[in-house]
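> Need a 3D model of the following:
(2 chains)
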Amino acid sequence: MLQLKRLIALLLVVVIALWTGTGTVTAQQGGTIKIMYTDPLSGPFAQVGDQNLQQFKYILDYINSRGGAVGRKFEIVSFDNKSQPSEALLALKAATDQNMPIIMQCSGSNIAAALIEGVDKHNERNPNNRIVYVNCGAVATELTNEKCSYWHFRMDAHVGMKAETMVRALPKEVTKVYLLNQDYLFGQSVQRDVKTFLGKLRPDVKVVGDELIPLGKVKDFSPYVTKIKASGAQALLTGNWGPDMTLLIKSGMDSGLDIRYYTMYAHLGGGATAIGPAGNGKVRSVMAFHENIAVETGKTDTEGWTKQFRNQHDFDFYAAGFRTIFEFLQAAMNKAGSADPVKFAAALEGLTITDMLGHQVTMRKADHQILSEYFVGVFTKGVKYDSEKTGLGWKTETTVLPKDLDQPNTCNMKRPAA
Amino acid sequence: MYEKAPLMEVLLVSLLNGLVYGMLLFMLASGLTLIFSMMGVLNFAHASMYMLGAYFAYSVSRVIGFWPALVIAPILCGVLGALIEMYALRRVHRNGHIAELLFTVGLAFIIEKGVQMAWGLLPYRVPPVLDRALFHIYGSNFHAYRGFMLLISVLMFVAIWLLLTRTRIGLVIQAALTHPEMVGALGHNVPRVFTIVFAGGSVLAGLAGVIGGNYLVTEPSMAATMGPIVFVVVVFGGLGSLTGCFVASLIMGLVQTYAVVLDVSFADLLARLGLHVTSATPLAEVLTMPLPRVGALLPYLMLILVLLLKPRGLMGTRDT
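Numbering: from 1, shown residues only, chains lettered A, B, ... in the order given. Coordinates of the predicted model:
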């Protein structure tokens, strides 16, 4: 009996080894191009990761229907990093164990910093199994300056660019501002860059309050709203995202705080609901995309494509701009003729493509930072596509062109030997 | 209009804010105190009942409206709680407190994932009749919904107190809170009392969810974010004491609120005594940290202190 059990166990082990073993072989040679996507899928920021994933799936359906890249389709494999850098490194290990060419992450600059270091170390030690880190949203300025890396490609405007856009959007009559940000790498980056650009572009503006809140922990923002009101500020500038953003705005609206909101992420899921009809004309956000841009610029096929997503989901297609990421990957892989990280990374840097809104977008070679157009949207009535069934939606107030955001960088990139 | 406000105004408004937040904590913590005190079960899934209350209320209010949902959603939570206690917790109880704790941890995970899959983030909004300013204080609105929250939580406190002190079942529960073995020895149906308490606690949590779900945000992580602070309140207030729970909730609410508005740091205090902290002073970073930045950690610091100095909690009547 014991011998039979041992035999069955051995058989199981062999079957499992063959099954997973063959997986590693096909990953690079044929089959789909796997992308390991890691973001919080549980905890206070779960909803951000979850909605990103749904939008990615829709985008990939489109990209794959247009042929994918080098004759292969893209496939996303998700890994919950629970907002912990250590978990993200586990995702990296899982990705490299399965010879995946790309790891992608959007939420949390502290996690991004850990991934950049992890990817660098791995690529140095494993020249035959390299991986590229596609950064879809971790925007602390340092990541393409002091912490830059050849294997890291940032696909969203960084804090410096968003901060400059935000400061440029402040009207002349605003002279007192309150800064409120999350107390970690990204929030501190926002705090620093906003103050720098205020100093450079609007020396007449006084910072009457400068607050850092613990990340994802504050549930009741009414004391903060009290402080903001007490300071006499005319505008609140914040980089908050997730519940830190929705609860802040909700609290401000509920207490009738008479202030203008300048945000970086009010257009993400939950923002529109938190603002509500009372926020008509009060909230602005710096964004890469909103559902009404295609209407404003007459891009009807883009409009049709985003409209279909809207019909299938109950949140805005705020990350439709992620399509540009995959169009870049498509173009780079097709140019290099391969999905091998070493080859397509070389093709990706310096590449320029035309995105779905008709703009020329470049992946800057010096620091692997994307240069694309950016928008300041205001949450208001009278737009074609409203957000989260509130009756109000985003309308473009300012368009900033890629060349306007071509900020200097301090990246000292170490390139791999050719 | 855009002038700096006097300190008195800030302190008064903060008092109001702290009270409202404290009462929300009480709504959640009251059920947990009853369950923990009586059954010794550290119910990690209590905050999950809070979350389910919010989600049930959303679904029900979409069909029949907010006011019926206010009654139906907590009842659904109560029924669920009763079923969990009767068919699962009772069996696990035989294996001891650790097993019960682990069971509730697993339950909390399952509920969180289940909610994420079934509903996701919801635009659960305050009913329009309550979505306005109740009164103005120093130029800010006091939102009517917060007044409603205060009303419900006070009613809850009064109702529980009356139930525990004036009804027969209440007296049995009170006895079982402090001397569970004796109550069993006297011939009362202790298992049924346990079920009633667990279900009752779930009803309270569900009601807190109905109210709190649209005061804050309704999302799958709301249980995970509220859970820890509620535990702090329960332990701080002390086992076996509802009044202790009430007092602890208010204290926690006020502490967290005032910590945000009082922009002082240790260095400021030392400066008053004539000692100036510069960047060269050892531990300068810790000393110059302003109170608002660490405000969210204060409840946990208080928890550690109370466990070290007075383990029974503020008004606890028995040990765990």
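
> Just give the nearest non-adjacent residue to A:His290, would you?
In this structure, A:His290 finds its nearest non-sequential neighbour in A:Trp394, 3.8 Å apart by Cβ to Cβ, 6 or more residues apart in numbering or on different chains. Every residue, glycine included, has its C-beta placed from N, CA and C.

> Would you mark the buried spots in the helix or strand encompassing B:Val92?
Applying DSSP states H and E as the criterion places B:Val92 in helix B:90-93. By neighbour count with 16 or more other Cβ atoms under 10 Å in any protein chain shown, helix B:90-93 contains the buried residues B:Val92, B:His93.

> And the helices in the stretch 1-150 of chain B, which stretches?
Taking DSSP state H, counting those that start in this stretch as the criterion, the stretch 1-150 of chain B carries its helices at B:7-39, B:46-63, B:66-84, B:90-93, B:97-118, B:144-166.

> so what secondary structure elements neighbour the shortest one?
Going back to what we said before, that points to helix B:90-93. Under the contact criterion of 3 or more Cβ pairs under 8 Å, 6 or more residues apart in numbering or on different chains; DSSP states H and E, helix B:90-93 touches helix B:97-118.

> about what we covered before: next, format the helices of the stretch 1-150 of chain B as JSON lines and append distance to A:Ile116.
Listed next are the helices of the stretch 1-150 of chain B as JSON lines, based on distance: least, Cβ to Cβ, whole Å:
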{"stretch": "helix B:7-39", "distance to A:Ile116": "39"}
{"stretch": "helix B:46-63", "distance to A:Ile116": "35"}
{"stretch": "helix B:66-84", "distance to A:Ile116": "45"}
{"stretch": "helix B:90-93", "distance to A:Ile116": "45"}
{"stretch": "helix B:97-118", "distance to A:Ile116": "29"}
{"stretch": "helix B:144-166", "distance to A:Ile116": "44"}
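
> want to throw those into TSV with mean pLDDT?
Compiled in TSV, those are given as follows (pLDDT from 0 to 100):
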stretch	mean pLDDT
helix B:7-39	85
helix B:46-63	89
helix B:66-84	91
helix B:90-93	83
helix B:97-118	87
helix B:144-166	85
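
> just to revisit the earlier point, can I get the helix or strand where the residue nearest to A:His290 lies in CSV, CA atoms only?
Per DSSP H and E, A:Trp394 falls inside strand A:393-400. What follows is strand A:393-400, C-alpha atoms only, in CSV (Å, rounded to 0.1, in the frame of the first residue of the first chain):
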residue,chain,number,x,y,z
GLY,A,393,-18.2,65.1,-16.3
TRP,A,394,-14.8,66.2,-17.2
LYS,A,395,-14.2,69.1,-19.6
THR,A,396,-10.8,70.2,-20.9
GLU,A,397,-9.8,73.6,-19.6
THR,A,398,-6.1,73.5,-20.8
THR,A,399,-4.1,71.3,-23.2
VAL,A,400,-0.4,71.1,-22.6
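
> Go through it and flag the buried ones.
A:Gly393, A:Trp394, A:Lys395, A:Thr396, A:Val400.

> of all the residues you listed, which comes closest to chain B?
Distance to chain B across those (Cβ to the nearest Cβ) is lowest for A:Gly393, with 14.1 Å.

> how about the residues of the stretch 101-250 of chain A near chain B?
A:176, A:183, A:208, A:211-214, A:216-220, A:222-227, A:229-234, A:243, A:246-247, A:250 (Cβ under 8 Å from any Cβ of the partner chain).

> Of these, grab the buried ones for PyMOL.
In PyMOL, this line selects whichever of those come out buried by 16+ other Cβ under 10 Å:
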select buried, chain A and resi 176+183+208+211+212+213+214+216+217+218+219+220+222+223+224+225+226+227+229+230+231+232+233+234+243+246+247+250
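
> In helices only, show me the residues of the stretch 101-250 of chain A next to chain B.
Among those, the members falling in helices are A:222-227, A:229-231, A:243, A:246-247, A:250 (criterion: DSSP state H).

> Kindly reformat those residues as CSV containing distance to A:Gly281 and pLDDT.
CSV is the format used below for those (distance: Cβ to Cβ, whole Å; pLDDT from 0 to 100):
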residue, distance to A:Gly281, pLDDT
A:Ser222, 23, 86
A:Pro223, 26, 86
A:Tyr224, 22, 90
A:Val225, 19, 91
A:Thr226, 24, 88
A:Lys227, 24, 88
A:Lys229, 19, 89
A:Ala230, 24, 88
A:Ser231, 22, 90
A:Pro243, 24, 86
A:Thr246, 19, 89
A:Leu247, 21, 89
A:Lys250, 17, 88
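
> out of these, who's nearest B:Thr165?
A:Ser222 (33.6 Å; Cβ to Cβ).

> That closest one is in contact with B:Asn17, isn't it?
Yes. Here A:Ser222 reaches B:Asn17: they are 4.1 Å apart, a contact under Cβ atoms under 8 Å.

> Which neighbours do the two have in common?
Counting by Cβ atoms under 8 Å, 6 or more residues apart in numbering or on different chains, the residues touching both A:Ser222 and B:Asn17 are B:Thr257.

> rewinding a little: out of the ones in helices among the residues of the stretch 101-250 of chain A next to chain B, who's nearest B:Glu112?
Closest approach to B:Glu112 among these (Cβ to Cβ): A:Pro243, at 14.8 Å.

> residue contacts, the closest one?
Counting by Cβ under 8 Å, 6+ apart, A:Pro243 has contacts A:Pro44, A:Phe45, A:Gly216, A:Gly270, B:Val217, B:Glu219, B:Ser221, B:Thr225.

> ditto for A:Met166
If you count contacts by Cβ under 8 Å, 6+ apart, A:Met166 has them with A:Val194, A:Phe197, A:Leu237, A:Tyr262, A:Met264, A:Val286, A:Val376.

> What of A:Tyr58?
A:Phe309, A:Gln312, A:Phe317.

> secondary structure class for it?
helix (DSSP: H, G, I helix; E, B strand; the rest coil).

> quick one: it and B:Ile304, what's the gap?
47 Å (Cβ to Cβ, to the nearest Å).

> repeat for B:Thr317
Distance, B:Thr317 to B:Ile304, using Cβ to Cβ: 22 Å.

> more neighbours, these two?
Per other Cβ atoms under 10 Å in any protein chain shown, whichever of B:Thr317 and B:Ile304 has more neighbours is B:Thr317, with 15 against 10.

> Isn't the more buried one up against B:Ser241?
Yes. The pair B:Thr317 / B:Ser241 is scored as a contact, 5.7 Å apart, by Cβ under 8 Å.

> can you tell me the distance between the two ends of stretch B:93-102?
11 Å (Cα to Cα, to the nearest Å).

> what's it in contact with?
Contacts with stretch B:93-102, where a contact means Cβ under 8 Å, 6+ apart, come from B:Met39, B:Gly40, B:Val41, B:Leu42, B:Phe44, B:Leu89, B:Val92.

> Quick check on those residues: which are buried?
Buried by 16+ other Cβ under 10 Å: B:Met39, B:Val41, B:Leu42, B:Phe44, B:Leu89, B:Val92, out of the contacts of stretch B:93-102.

> for those, which one is nearest A:Asn145?
For the buried ones among the contacts of stretch B:93-102, the nearest to A:Asn145 is B:Phe44 (43.0 Å; Cβ to Cβ).

> How many residues are close by residue 298?
Unless you meant another one, I'm taking chain A. Neighbours of A:Gly298 using other Cβ under 10 Å come to 9.

> Not quite, go with chain B.
16.

> I'd say it and B:Thr257 touch.
No. Counting by Cβ under 8 Å, B:Leu298 stays clear of B:Thr257, with 10.7 Å between them.

> now that we have the contacts of A:Met166, which one has the most neighbours?
Neighbour max across the contacts of A:Met166 (other Cβ under 10 Å) = A:Leu237, 28 neighbours.

> helix/strand/coil for that residue?
Under three-state DSSP, A:Leu237 comes out as strand.

> So the residue lying closest to it once chain neighbours are set aside versus A:Gly232, what's the distance?
Distances taken as Cβ to Cβ, 6+ apart place A:Tyr262 nearest to A:Leu237, at 4.8 Å, with adjacent residues excluded. A:Tyr262 sits 17 Å away from A:Gly232, going by Cβ to Cβ.
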